[in-house]
Structure formats: C-alpha cells, structure tokens
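>>> here is a sequence together with a model predicted from it:
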Amino acid sequence: MKVADISKQIIEGIAPVFIEEGFKVNKRAREFVREYNGCTQIFDLLFYKKGDTIEIEPIIRIKIKHIEDIYHHISIDHNDIFSTLGNNLYKVVKHYDDNIDIDFDGKSKMLVEDDKDVKKLIEVIPIYFKREGLRYFNENSSVARADELLNKYPREISIHNWLYPMRACLAIIAAKLNDNPKYNELVKIYEEELEDALDSYKQDFANLKKFLSEELTSHP
C-alpha cells in the first residue's frame with residue numbers, strides 16, 4: 001500500500017459530504033476548508049506509513065483571523081502552523097461525549113491494512129464529521145468561544161489547544177478582545193505558567209501584553 005494511493009481514495013470518497021456543507025477540497029494538502037464568520041475551518045487527514053499499515057490522524061482546526069493576526073504581529077518567529085482551536089477528531093468526540101476540556105492521552109489514529117479498511121473509513125469519517133466535526137465548527141468559530149474554551153482551565157493543557165506556550169498567547173488575545181473581566185487575573189496565571197518556557201515564548205507574551213494594553217486599548 002502506498003500513502004498516495006490510499007489518501008487519494010479516501011479524500012475522493014469522502015469529498016461529496018464535505019462539499020455539501022460548503023467545504024473546498026485541497027487534495028494536495030489532504031484537507032477540507034471552509035470560510036465562516038471571519039474564521040477558517042479546516043478538517044485535515046494526516047497519513048503515516050507504518051510497516052505494512054497506514055495510520056490516519058483526523059484533525060479539526062479553527063483559525064480565527066482576528067486573534068491570529070494579532071499574534072503574528074508580535075511573534076518573533078511568525079509561526080503559521082498553529083490554529084486558535086482544535087484537536088484530533090477522537091478528542092473532540094470525547095469532549096462532547098464525556099464533557100472533557102483537558103487534554104489527555106488516548107486513541108488518535110485510524111488504521112488501514114487492506115481495501116476493506118479503506119471502504120469502512122469512507123463510510124465512518126463522514127459520520128463523525130457530520131455528528132461532532134460540524135458541531136465543533138458551528139459552535140466555536142468566534143472570539144467569544146475561543147475565550148471561553150481556552151481560558152476555562154488556564155493552568156491545564158486545554159483539549160482545544162494543546163500547544164501550551166502558544167495557547168497562553170492566543171488565550172489572552174481572546175480574553176482581551178472579548179472583554180473578559182478576568183483578563184488581568186488570566187495574564188498573571190499565564191505568566192506564572194510560562195516561567196519555564198523558552199525565552200522566545202516569554203518574549204512573545206511580554207510583547208503581546210504590551211500591545212494589548214497600549215495599542216488595543218487605544219484603538220478599540
């Protein structure tokens with residue numbers, strides 16, 4: 001089995017369901033993308049060759065433009081890989097089924113060993129997408145939801161963004177834009193949590209705090 005052949009079959013097989021919901025297919029990136037409410041909603045399928053099998057990791061991502069533009073403005077590295085919200089599809093399912101908001105270790109990949117697995121995934125992936133994926137996109141594509149989800153447990157690794165140093169920056173941007181009354185408290189908590197972070201992340205956070213207090217306050 002070749003990754004290129006399997007990915008092509010699966011992407012083409014599930015594409016009609018995504019297209020019906022207004023998503024565009026990017027076959028080269030193996031993703032489905034939709035613009036909504038100032039956000040970019042992305043459903044990725046990451047394919048890995050493991051011996052005689054192929055592993056597939058389904059990812060849900062929400063890029064909130066207003067939040068990420070501010071982060072890029074102050075960031076030292078200008079990293080464009082991250083997203084404001086999202087995670088592995090299985091973890092999103094657990095978020096809904098078991099009311100989990102803190103990241104955890106657990107099942108994260110689908111396995112393909114033969115053609116039967118390919119056919120099964122072409123049936124199963126759209127089911128999960130329509131049941132949990134669309135719900136996640138539709139409920140959380142806003143600054144207000146980013147503030148609520150990222151700042152609910154500021155001292156824990158969020159299931160909605162597990163890249164902790166970067167998540168701290170995105171979280172206080174969302175809090176500031178959403179006029180969160182606990183903004184100052186959150187800034188203090190994240191500063192404490194970033195004490196052992198790399199200097200680049202500490203500098204980003206310092207730059208961001210200054211920008212939010214000066215530029216954003218004077219130019220609402």
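Looks like it came in fine. Numbering: from 1, shown residues only.

>>> wait, Ile125 touches Pro58, no?
Yes - the pair Ile125 and Pro58 qualifies as a contact (Cβ atoms under 8 Å) at a distance of 6.7 Å. Just so you know, the C-beta spots here come from the backbone N, C-alpha and C atoms, and that holds for glycine as well.

>>> which neighbours do the two have in common?
Leu45, Met110 (Cβ atoms under 8 Å, 6 or more residues apart in numbering).

>>> what's in contact with stretch 195-208?
With Cβ under 8 Å, 6+ apart, stretch 195-208 has contacts from 70-71, 74-77, 164-166, 168-169, 172-173, 190-191, 194.

>>> Tyr190: what's it in contact with?
Tyr190 touches Pro154, Ala168, Ala171, Ile172, Phe205, counting by Cβ under 8 Å, 6+ apart.

>>> now the first one: closest residue in space, sequence neighbours ignored.
Counting by Cβ to Cβ, 6 or more residues apart in numbering, Pro154 lies nearest to Ile189, which is 4.7 Å off, once chain neighbours are set aside.

>>> can you count the residues close to the one you found?
Residues near Ile189, counting by other Cβ atoms under 10 Å, number 17.

>>> please apply the same query to Ile59.
Ile59: 18 neighbours (other Cβ under 10 Å).

>>> wait, is it part of a strand?
Yes - Ile59 forms part of a strand when assessed by DSSP: H, G, I helix; E, B strand; the rest coil.

>>> these two touch, right, it and Lys91?
No - using Cβ under 8 Å, Ile59 is not in contact with Lys91; the gap is 9.7 Å.

>>> Provide the secondary structure category for the residue most central in space within the chain.
Centroid check for the chain by Cα atoms, centre = their mean gives Gly86 as the closest residue, at 2.5 Å. What three-state DSSP gives for Gly86 is strand.

>>> check which residues of the helix or strand Ser200 falls within are buried.
Under the criterion DSSP states H and E, the helix or strand holding Ser200 is helix 199-218. Residues of helix 199-218 classed as buried by neighbour count (16 or more other Cβ atoms under 10 Å): Tyr201, Asp204, Phe205, Asn207, Leu208, Lys209, Phe211, Leu212.

>>> then stretch 110-129?
Met110, Val112, Asp117, Val118, Leu121, Ile122, Ile125, Pro126, Tyr128, Phe129.

>>> narrow those residues to those in strands?
Met110, Val112 (DSSP state E).

>>> mind checking which of the buried residues of stretch 110-129 land in helices?
Secondary structure from DSSP state H places Asp117, Val118, Leu121, Ile122, Ile125, Pro126, Tyr128 of these in helices.
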